[in-house]
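show me the folded form of this:
(chains A and B)
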Amino acid sequence: MLNIKGLEKRFNIGTPNEIQVFNGLDLNFEKNKCTAIIGPNGCGKSTLMNLIAGTLMVDNGTIELNGKTISNLKEEDRSEFIGRVHQNPSMGVSPSLTILENMALADKKNNKFSLKFLVNKKNIDRYKELVAQLDLGLENLMNTKVKFLSGGQRQSLSLIMASMKHPDLILLDEHTAALDPKTSHVVMTKTKELIDKYEMTGIMISHNMRDAIKYSDRVIMLDKGIVVLDKPSIALTEEDLNNIYIDRLDKAIAV
Amino acid sequence: MNGLIMTSIEQGLIFAVLAMGVFITNKVLNIADLSVEGSFPFGAFIFAKFLLMGVNPVIATILAFAFGTLAGLLTATLFTKFKINALLSGILTMNILYSVNLRINNAANVPLSGQRTIFDFGPKLLILLAIVIVVKLLLDLFLKTEVGYLLVATGDNESLVKSLGQKSDNYKILGLMLSNGLIALSGALMAQYNGYVDASMGKATLVIALAAIIIGDTFMKNSSFLKNTTRAIIGAIAYKLIGGFAIDLGLHPNDLSAINATIVIVFLLYNNFFPNIMGKLNKKGGRDYA
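Sure thing, here's the model as predicted:
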């Protein structure tokens, strides 16, 4: 479904601070499966997300989605197939607009924007239904500006907006890291539900080992741009992951 | 009504068009466009050029708007295509326009006395009021459209716009064009109001526009009923009125610049330090849960 071949990415090329994040990474992601990517800071998780989304461009290598090369497309041209929820709850919404206006914008994704009025009354009930499934009461706050919502509410709205047009691929970039445990659980459960319901392929970055196992089908651990673990979630326990993590960290310190 | 007060209101209405233009870049797009002091007289010179060619003043005024959008296009090109920082793009455009303005009529000063103007059709106040209301309503309507909302979203969160499959740069270009069109329109109105065009007429226009926006924001701060365009209009008129009153009270016109700056400082102080006092008094408005 998503095939990454020979991925190379360097930063600060030609300066003393040059960093090679990926040097020929190969990864394949299966359709309708959710993969959790874990790994220490600086291992290349976020860079990988940015390369897939098009926020960053690859130096070398290709990224194919459903057989189509997307690595040469601009971010806005990839959005047709990709939805993304960021770590920062404000990144996926327009804070100075209301929930209703944000939903209407998301509903127009990949369509031509014209001089017609954006908010169409006949869609309001559909938007309300979509946000009502979060059980956060957002359906009663449709005319509230998003900047007045809590981080959890905003992130949940981002999730609904990113998945609204059922993209093939949904990127979840530590999307519950800024939320309290209870809200995090709500958002995670909903994420899993939506991935199954809309038959999306999910890639999720997480620092929470339990979440990484519980809400995914497969866990990949990256370290210094290399895959050091790639197993089905069922075959892993939180303890396993923690041990591997500590093991690798110890090695890093020993070096 | 006192002549000075009347003049203040009329000039306030002209600057309301300017303020609505600056509102698009400053508040909607979150871009500081400094080309204002070039595009305001640019509109005036373009108007004078066409008027003296025998073009109907209404059409010449509309042409000033159209050419103004081109000034915005220049800033937008420098900013989005050449990746020059927004502040610098605006300053460069302003400098280019200084020379262009002098070239348009090959003069730094063009008298328009004896020429037809849009004020031939009725009382100045009513004509200006009508123009301001039309501009405001059109702008409000535009901001409710799909494209209008994308303009707001671009200023708010560019990554969202890209995730919607849209090129955010296109909306910056559109916003800058629209903004400079309105600024040039305001310049064309001022030319007709004053009866002359002068190369230095753009002086302090950016401060006036920002002051109008700041004062407008302060006015009934917690009311969600007032649209931002209405605030800009109220702010522009209030700004001119306060200055008018000051002179009416006997202050020397030479001190006006300092007084105007003081007005802005006072409103900013109020905005920064006394938000809660009025919030408590103004129970009708909702509180901000930021």
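
got the phi and psi for the spatially most central residue of chain A?
In chain A, the residue lying closest to the centroid (Cα atoms, centre = their mean) is residue A:172, at 1.8 Å. As for residue A:172, its main-chain torsions (degrees, to the nearest 10) stand at phi -120, psi 100.

look up how far chain B lies from it.
14 Å (Cβ to the nearest Cβ, to the nearest Å). C-beta coordinates here come from the backbone N, C-alpha and C atoms, glycine included.

and the pLDDT for that residue?
Per-residue confidence (pLDDT) for residue A:172: 94.

excluding chain neighbours, what is closest to it?
residue A:204 (4.1 Å; Cβ to Cβ, 6 or more residues apart in numbering or on different chains).

which SSE is that neighbour in?
Counting by DSSP states H and E, the element that carries residue A:204 is strand A:201-205.

quick one: average confidence on the helix or strand just after that strand?
Where DSSP H and E defines the elements, the next helix or strand beyond strand A:201-205 is helix A:209-214. Mean pLDDT, helix A:209-214: 86.

next one: stretch B:232-250 to chain centre, how far?
Relative to the chain's own centre, stretch B:232-250 is displaced by 16 Å; criterion: Cα atoms, centre = their mean, to the nearest Å.

would you map the helices across chain A?
Under the criterion DSSP state H, helices of chain A are mapped to A:45-53, A:75-78, A:99-107, A:124-132, A:151-163, A:181-197, A:209-214, A:238-254.

what lies in contact with the fifth one?
Residues from elsewhere that reach helix A:151-163, judged by Cβ atoms under 8 Å, 6 or more residues apart in numbering or on different chains: A:83-86, A:89-93, A:95, A:99, A:102-103, A:105-106, A:130-131, A:134, A:136, A:138, A:141, A:146, A:149, A:170, A:175-176, A:178-180, A:183-184, A:186-187, A:190-191, A:194, A:198, A:200, B:163.

now the element after the one helix or strand residue B:177 maps to, going C-ward?
Using DSSP H and E, the element containing residue B:177 is helix B:168-194. Scanning forward in sequence from helix B:168-194 by DSSP H and E, the next helix or strand is strand B:196-198.

what's that next one packed up against?
For strand B:196-198, the packing partners by 3 or more Cβ pairs under 8 Å, 6 or more residues apart in numbering or on different chains; DSSP states H and E come out as helix B:36-52, strand B:109-111.

tell me the buried residues in stretch A:212-223?
Using 16 or more other Cβ atoms under 10 Å in any protein chain shown as the test for burial, stretch A:212-223 gives A:212-216, A:218-223.

what is the end-to-end distance of it?
When the termini of stretch A:212-223 are compared using Cα to Cα, to the nearest Å, they are 16 Å apart.

now stretch A:25-41: how far from the chain's centre is it?
11 Å.

output it in PDB, but only the C-alpha positions, please.
The C-alpha trace of stretch A:25-41 is given here as PDB (Å, rounded to 0.1, in the frame of the first residue of the first chain):
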ATOM      1  CA  LEU A  25      15.500   3.100   4.500                       C
ATOM      2  CA  ASP A  26      13.100   0.500   3.100                       C
ATOM      3  CA  LEU A  27       9.600   0.100   4.700                       C
ATOM      4  CA  ASN A  28       6.300  -1.300   3.500                       C
ATOM      5  CA  PHE A  29       3.000  -0.700   5.100                       C
ATOM      6  CA  GLU A  30       0.000  -2.900   4.500                       C
ATOM      7  CA  LYS A  31      -3.500  -1.600   3.700                       C
ATOM      8  CA  ASN A  32      -6.000  -1.200   6.500                       C
ATOM      9  CA  LYS A  33      -3.400  -1.900   9.100                       C
ATOM     10  CA  CYS A  34      -2.200   0.500  11.800                       C
ATOM     11  CA  THR A  35       1.500   0.600  12.500                       C
ATOM     12  CA  ALA A  36       3.000   2.300  15.500                       C
ATOM     13  CA  ILE A  37       6.500   3.800  15.200                       C
ATOM     14  CA  ILE A  38       8.500   4.100  18.300                       C
ATOM     15  CA  GLY A  39      12.000   5.100  19.100                       C
ATOM     16  CA  PRO A  40      14.100   7.600  21.000                       C
ATOM     17  CA  ASN A  41      14.100  11.400  20.100                       C
END
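
for residue B:156, find the nearest of the helices and strands packed on strand B:196-198.
helix B:36-52 (22.5 Å; Cβ to Cβ).

residue B:195 against residue B:112, yeah?
Yes: between residue B:195 and residue B:112 there is a contact under Cβ atoms under 8 Å: 5.2 Å.

residues near the nearest residue to residue B:227 once chain neighbours are set aside, how many?
Closest residue to residue B:227 apart from its sequence neighbours, by Cβ to Cβ, 6+ apart: residue B:140 at 5.9 Å. Residue B:140 has 15 neighbouring residues, counting by other Cβ atoms under 10 Å in any protein chain shown.

does residue B:140 belong to a helix, a strand or coil?
helix (DSSP: H, G, I helix; E, B strand; the rest coil).

so what's it scoring on pLDDT?
At residue B:140, pLDDT is 96.
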